[in-house]
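Chemist: Using only what follows, build the 3D model:
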Amino acid sequence: MPQLEVDGVALTYDDEGPRDAAEVPLVFIHGWTANRHRWDHQVAHFAEQRRVIRLDLRGHGESDGAGVRTIEELATDVVALLDHLKVDRFVPVGHSMGGMIAQTLALTHPERVERLVLVNSISRMTYSRGRGLLMAASTLVPFKLFVATNIQRAFAPGYPREEIRSYIRSSADTPREVVMTLYGAMRAFDVLDRVGEIRVPTLLVHGYHDIQLPVKQMLRMATGYPDAVIRIIDAGHELPVEKPAELTAALDGFLTART
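Modeler: Numbers count the residues shown, from 1 in each chain. This is a model prediction of the structure:
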């Protein structure tokens with residue numbers, strides 16, 4: 001379990017697969033309250049043929065650290081890890097909040113991003129007035145209830161309840177300060193007017209039943225991308241674990257397609 005210290009914070013990461021592969025490394029970035037193991041299926045598949053890197057973001061999983069107030073600060077951690085591993089060009093694959101980080105990387109380091117993959121992610125969180133008030137009120141309930149409600153809503157109807165409960169328990173282990181601070185960072189994130197600057201091939205793959213970040217918001221974002229491919233899968237917000245094989249197949253097809 002290798003770790004890298006960044007500004008006094010120990011970040012846990014995995015670096016797998018052949019170093020001499022012809023393709024650039026894949027960098028998997030998990031979402032809010034999750035950890036690097038959300039990508040187990042994808043890492044097991046791709047590490048057979050190319051270098052694959054994933055990390056626990058600060059305050060998540062087996063990484064230390066308090067919450068930060070901006071998505072840009074999390075992107076800086078990812079860059080620090082890649083610099084440490086001497087990785088120049090790469091393909092960021094981000095889920096939910098991880099997709100926000102991936103977009104930030106593509107905007108701040110365009111020379112290093114070869115392709116971009118966004119899984120159940122958007123460029124701006126948009127709410128109706130009613131839902132905005134509901135989301136604001138949800139932060140006032142007890143912490144464990146707040147986490148349980150958000151994670152329960154992340155899965156499509158019919159997903160096994162015991163598995164959902166295990167993800168709720170795992171998410172609730174994330175420190176409260178980290179959860180709530182990054183919740184604010186996600187709500188403040190907005191690069192919708194800049195996605196046209198991201199000129200690399202981009203895969204936008206989304207769960208049809210995602211009510212956390214609805215498909216219509218992703219489609220609105222997609223219109224701004226100059227070179228985007230869209231895939232909709234019969235799943236909720238937690239696509240990497242709800243339909244892991246289908247997501248892996250979508251990634252595989254995109255990564256091997258000629259530009």
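
Chemist: Tell me, please, where in the stretch 51-200 of the chain the pLDDT is lower than the cut-off.
Modeler: 127-139 (pLDDT under 70).

Chemist: Show me where it has its helices.
Modeler: Along the stretch 51-200 of the chain, the stretches classed as helices by DSSP state H, counting those that start in this stretch are 71-84, 97-108, 129-138, 143-154, 161-172, 176-188.

Chemist: ok and the last one relative to helix 143-154, angle-wise?
Modeler: Going back to what we said before, that points to helix 176-188. For helix 176-188 against helix 143-154, the angle by axes from the mean of the first three to the mean of the last three CA atoms, to 10 degrees is 50 degrees.

Chemist: Return the list of helices and strands in contact with helix 176-188.
Modeler: Judged by 3 or more CB pairs under 8 Å, 6 or more residues apart in numbering; DSSP states H and E, the packing partners of helix 176-188 are helix 71-84, helix 97-108, helix 143-154. Heads up, the C-betas are built off the backbone N, CA and C, glycines and all.

Chemist: hmm, try it at 7 Å
Modeler: Judged by 3 or more CB pairs under 7 Å, 6 or more residues apart in numbering; DSSP states H and E, the packing partners of helix 176-188 are helix 97-108.

Chemist: Other residues contacting the helix it packs on?
Modeler: Around helix 97-108, the neighbours that count as contacts under CB atoms under 7 Å, 6 or more residues apart in numbering are 29-32, 71-72, 74-75, 78, 92-94, 113, 116, 118-119, 121, 123, 182, 186, 189, 191, 194, 197-198, 200.

Chemist: Repeat that for stretch 219-230.
Modeler: Taking CB under 7 Å, 6+ apart as the rule, stretch 219-230 contacts 122-123, 192, 195-196, 198-204, 254.

Chemist: before we move on, what about stretch 146-154?
Modeler: 33, 138-139, 164, 167-168, 171-172, 179, 211-212, 236-238.

Chemist: Quick check: buried residues in it?
Modeler: 146, 147, 148, 150, 151, 154 (16 or more other CB atoms under 10 Å).

Chemist: Same check on stretch 177-192?
Modeler: For stretch 177-192, the neighbour count (16+ other CB under 10 Å) marks 178, 179, 181, 182, 183, 185, 186, 189, 191, 192 as buried.

Chemist: on that earlier part again, mind giving me the ChimeraX command for buried ones among the contacts of stretch 146-154?
Modeler: The buried residues among those can be selected in ChimeraX (16+ other CB under 10 Å) with this line:
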select :33,164,167,168,171,172,179,212,236,237,238
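
Chemist: now the contacts of stretch 146-154 in a markdown table, with distance to residue 50?
Modeler: Formatted as a markdown table, those follow (distance: CB to CB, whole Å):
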| residue | distance to residue 50 |
| --- | --- |
| 33 | 28 |
| 138 | 40 |
| 139 | 41 |
| 164 | 32 |
| 167 | 28 |
| 168 | 33 |
| 171 | 30 |
| 172 | 34 |
| 179 | 33 |
| 211 | 34 |
| 212 | 30 |
| 236 | 29 |
| 237 | 27 |
| 238 | 25 |
